[in-house]
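Chemist: got a sequence here, can you build the structure:
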Amino acid sequence: MRHAGVVVYPPGATFGPRKLNDYEFVWITEGHAAARFDKVEIDAPAGTILLSHPGMTDRYDWATDCRTVHAYFHFDFQTPSNGWPPLVKWPLARQMATDDILRPLFRYVLGIWSLSHDQHASLIVPAVNLMVRAFVSGTTAIAVEPYHDQPPAIDKAMQALGDALAHDPPLPVTLTELAKAAHVSREHLCRQFRRHLGIGPAECISLARLERAASLLTRSNLTIKEVSDAAGFTSQYHFSAKFKKVYTVSPRTYRKSTRAGITVEQNPLVRKLQLNVLRQ
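Modeler: Purely as a prediction, here's the structure:
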């Protein structure tokens, strides 16, 4: 797996056209997209999972009246020699029911992607293989399982943070507001953050803004200034300085590298935020 993430788009954003050199799964979790794979146009409301192939040219036009959220990951795949339909007959999109296997596996893949290569290499391949098999065959139904992540106070605070940053324009976020959303005191919330995330709420807010910016740099055609504004930064200069401190490269270099499939520095908070955005 080369690259993965979750992107929150402002209304009217676009991405592409882009020619793919690998496979990509995309899961629309909120909003709506008009996708185009080569000459095939696909209507993709929330709950749609799309699968594109190497050599395809894709383009996405996101909803103009609301935000759109999607998760994605790129991967390589060797088609088995027996028992598989030819690639041209694979479906490009499926609308998922509430009891499907693909969305839990999507969460799982994004979760283990944050581990070191030695830790996740043996886990990602079978998970992605199962996703492809289920998607191509259409056999996706499973029993519903409860989803558990982190303590309730952090969970509620992170959800409030994600909602504020996904607003267009982003809403200001303070420790007091996060504590109120979590129904705990400011002091208790700080202790919970440091114990379970290893950072305080203020640093978490800053990293969350940067992660939204990073996802838009990779997955939209917005200018650097527009990305800075969409992530809630007061100036493009302030945004660029903060971004380079965390990701070690400038926003422009980050965009160029990720689109070329080059691995770049990861935000330490990214997977925690992604797993919360994907809850539904």
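
Chemist: separation between residue 12 and residue 178?
Modeler: With distances taken as Cβ to Cβ, to the nearest Å, residue 12 is found 29 Å from residue 178. For the C-beta atoms, the positions are set from N, CA and C on the backbone; glycine is no exception.

Chemist: which of these two has more neighbours?
Modeler: The neighbour count for residue 12 versus residue 178, taken as other Cβ atoms under 10 Å, is higher for residue 178 (27 against 12).

Chemist: helix, strand, or coil at the more buried one?
Modeler: Reducing the assignment at residue 178 to three states with DSSP: H, G, I helix; E, B strand; the rest coil gives helix.

Chemist: thought it was touching residue 189?
Modeler: Yes: the pair residue 178 and residue 189 qualifies as a contact (Cβ atoms under 8 Å) at a distance of 6.2 Å.

Chemist: who touches both of the two?
Modeler: Here residue 178 and residue 189 share the contacting residues 157, 201, scored by Cβ atoms under 8 Å, 6 or more residues apart in numbering.

Chemist: which residues touch residue 218?
Modeler: If you count contacts by Cβ under 8 Å, 6+ apart, residue 218 has them with 3, 5, 7, 254-255, 258-259.

Chemist: look up how far residue 211 lies from it.
Modeler: In terms of Cβ to Cβ, residue 218 sits 11 Å off from residue 211.

Chemist: pull out the buried residues from the contacts of residue 218.
Modeler: Buried residues within the contacts of residue 218, defined by neighbour count using 16 or more other Cβ atoms under 10 Å: 3, 5, 7, 254-255, 258.

Chemist: identify the farthest-apart pair in these.
Modeler: Within these, two members stand farthest from each other by Cβ to Cβ: 7 and 254, at 13.9 Å.

Chemist: give me the number of residues near the nearest residue to residue 206 once chain neighbours are set aside?
Modeler: Using Cβ to Cβ, 6 or more residues apart in numbering and skipping the chain neighbours, the partner closest in space to residue 206 is residue 242 (6.8 Å). Counted with other Cβ under 10 Å, the burial measure for residue 242 works out to 19 neighbours.

Chemist: which residues touch residue 242?
Modeler: Contacts for residue 242 were tallied using Cβ under 8 Å, 6+ apart; they are 206, 210, 233.

Chemist: the last one: neighbour count?
Modeler: When you say that, I think you mean residue 233. Applying other Cβ under 10 Å, we find 22 other residues in the vicinity of residue 233.

Chemist: helix/strand/coil for it?
Modeler: Classified using three-state DSSP, residue 233 is coil.

Chemist: who are the contact partners of it?
Modeler: Taking Cβ under 8 Å, 6+ apart as the criterion, residue 233 is in contact with 209, 213, 239, 242.

Chemist: my read: the second one touches residue 229, true?
Modeler: No: with contacts defined as Cβ under 8 Å, residue 213 does not count as touching residue 229, sitting 9.8 Å away.

Chemist: neighbour count for the two, which is higher?
Modeler: For the pair residue 213 and residue 229, the greater number of neighbours falls to residue 213 (29 against 20), based on other Cβ under 10 Å.

Chemist: next up, phi/psi of that one, please.
Modeler: Note on residue 213: its backbone torsions stand at phi -60, psi -40 [degrees, to the nearest 10].
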